[in-house]
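Peer 1: the following comprises the amino acid sequence and a computationally predicted model.
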Amino acid sequence: MTKPHYTAAVTDREAPAPWGECQGCGAAAALPASMLPGRTFNYCPACTALELLRAAATQALSDMLAPHLGAWGNFWAASGLSLDDLQGITGQLSASWADEEYSTRYQTAAIYRAMRAHPAPLNVERAAPDRREVNALTLPRVTAAYRYDRAAPAAQGGGPERGWAFTLTYPDGSTDEGVTLPPGRDVLLTYPSGPQGDAVLYYTGIHGSTADRRPISRGDVPLYVPAQFVKYARASLGYWGEAQAPTAQAAAAEGAQ
């Protein structure tokens, strides 16, 4: 590190241009803080670093808060609250109704409580790769597919509900009847022997969320889907529209093969 060169101490009147008194600490020689937007004050190196940190923290809070504040405001505005109502809520949270001294103490305490309630991790380490070996021959196997028509629950309107259901057979010989594959599920279909052959269905989430990994049935996914049932699985998952979905008679005929 290069060592700076100093003269003897001078008064603010004697300081050579462009030096001046630090507006932060008042105890060191300083230069105009041109790297701080909108600032024309003189800052010493230590105060310049501190002001840069404060500016970065301000921008970071703004960037993090704006999307959540906007979402909160839009949600409650749609619920019937006015902009004045929303401002009143934020004012209560920040104690803007109090005198400056109390408001400062209130906000400081709120920040401290939030820091205690949501501590930062000591460190973030890279997780080991998540590897899983799958033997397709030991997976639950689709052994039948059939069309169903039933009334939806009253809570869902009670109207007709139509779709595809499947029978799964497990390696121990037990079976599950009436297993459905709702269109909202995110899946990966692989074809080990080619696009016209058997498939393996991996369940990866629901509606784009990989956090929801609930199994399709009492057996966990993936599922082994023989070639004759792949088109019914695809139809059930929403690959095709209703008019293009295979017929129940075709499914029953192929299941009997």
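Peer 2: Happy to help now that I have it. Numbering: from 1, shown residues only.

Peer 1: who's residue 43 bridged to?
Peer 2: With DSSP bridges as the criterion, residue 43 is bridged to residue 31.

Peer 1: surely residue 17 is in a helix?
Peer 2: No. Assessed with DSSP: H, G, I helix; E, B strand; the rest coil, residue 17 is coil; it does not lie in a helix.

Peer 1: next, count neighbours for it.
Peer 2: Using other Cβ atoms under 10 Å, residue 17 has 5 neighbouring residues. In short, each C-beta sits where N, CA and C put it, glycine included.

Peer 1: next, the contact list for it, please.
Peer 2: By Cβ atoms under 8 Å, 6 or more residues apart in numbering, no residues touch residue 17.

Peer 1: mind checking how far the residue lying closest to residue 24 once chain neighbours are set aside is from residue 163?
Peer 2: Of all residues not flanking residue 24 in the chain, residue 47 sits nearest, at 3.0 Å (Cβ to Cβ, 6 or more residues apart in numbering). To residue 163, residue 47 is 68 Å away according to Cβ to Cβ, to the nearest Å.

Peer 1: can you report how many residues lie near the residue lying closest to residue 196 once chain neighbours are set aside?
Peer 2: Ranked by Cβ to Cβ, 6+ apart and with sequence neighbours excluded, the top spatial neighbour of residue 196 is residue 227, at 6.6 Å. By other Cβ under 10 Å, the residues close to residue 227 number 15.

Peer 1: and residue 227, how close does it get to residue 190?
Peer 2: Distance from residue 227 to residue 190, counting by Cβ to Cβ: 13 Å.

Peer 1: same question, residue 202
Peer 2: In terms of Cβ to Cβ, residue 202 sits 7 Å off from residue 190.

Peer 1: hmm, back to that, ok, now which ones touch the residue nearest to residue 196?
Peer 2: Neighbour list for residue 227: 196, 197, 198, 199 [criterion: Cβ under 8 Å, 6+ apart].

Peer 1: which neighbours do residue 227 and residue 190 share?
Peer 2: With Cβ under 8 Å, 6+ apart as the test, residue 227 and residue 190 both reach residue 199.

Peer 1: my guess is residue 230 contacts residue 195. True?
Peer 2: No. Residue 230 sits out of contact with residue 195 when judged by Cβ atoms under 8 Å, with a separation of 9.2 Å.
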